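Student: With the input below, show me the fold.
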Amino acid sequence: MKELHIRIVEVKEMTSKEGRKFTVYKSLTKDGKLMDTKFRKEVKELPTEPCMLVVDSDQCNVTKNTQYPTLWIKEVKAIEPFVRESNAESYFD
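Tutor: Sure, this is the predicted structure:
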């Protein structure tokens, strides 16, 4: 069983036409494409901001029966902070 590090790059609150609130998650694949990410009901600890998720490979799968693939996560081992490094320091004092 392989441990995967999934980069969650977008966490956005949305409201449906009926007024129901939900959260939309987008993850970044290894070739740089965005993928919709959803969590099963059993997952209690959900990310609230961009982060790195640590997941076992057998605890997630990708469905391709929709227009765009969706990553489904069954269990999250850990949520690590996502640190964005600035490259501006190399250009300015």
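
Student: report the longest strand in this structure, please.
Tutor: Across the chain, the longest stretch assigned as strand under DSSP state E is strand 3-15.

Student: and after that one, which helix or strand comes next?
Tutor: Moving toward the C-terminus from strand 3-15, the next helix or strand (DSSP states H and E) is strand 21-28.

Student: That following strand: which residues count as buried?
Tutor: Buried residues in strand 21-28, defined by neighbour count with 16 or more other C-beta atoms under 10 Å: 25-28. Placement of C-beta: from N, CA and C, glycine included.

Student: cool, and stretch 35-53?
Tutor: By 16+ other C-beta under 10 Å, the buried positions in stretch 35-53 come out as 35-37, 39, 47, 50-51, 53.

Student: Which one of those is nearest to residue 80?
Tutor: Ranked by distance to residue 80 (C-beta to C-beta), these are led by residue 51 at 6.3 Å.

Student: quick one: low-confidence ranges for the chain?
Tutor: For the chain, the stretches with pLDDT under 70 are 85-86, 88-90, 93.

Student: how about 50 then?
Tutor: For the chain, no stretch has pLDDT under 50.

Student: mind listing which of the buried residues of stretch 35-53 are in helices?
Tutor: Nothing among the buried residues of stretch 35-53 maps onto helices, per DSSP state H.

Student: Mind putting those residues into JSON lines with distance to residue 5?
Tutor: Formatted as JSON lines, the buried residues of stretch 35-53 follow (distance: C-beta to C-beta, whole Å):
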{"residue": "35", "distance to residue 5": "14"}
{"residue": "36", "distance to residue 5": "18"}
{"residue": "37", "distance to residue 5": "13"}
{"residue": "39", "distance to residue 5": "16"}
{"residue": "47", "distance to residue 5": "13"}
{"residue": "50", "distance to residue 5": "13"}
{"residue": "51", "distance to residue 5": "10"}
{"residue": "53", "distance to residue 5": "7"}
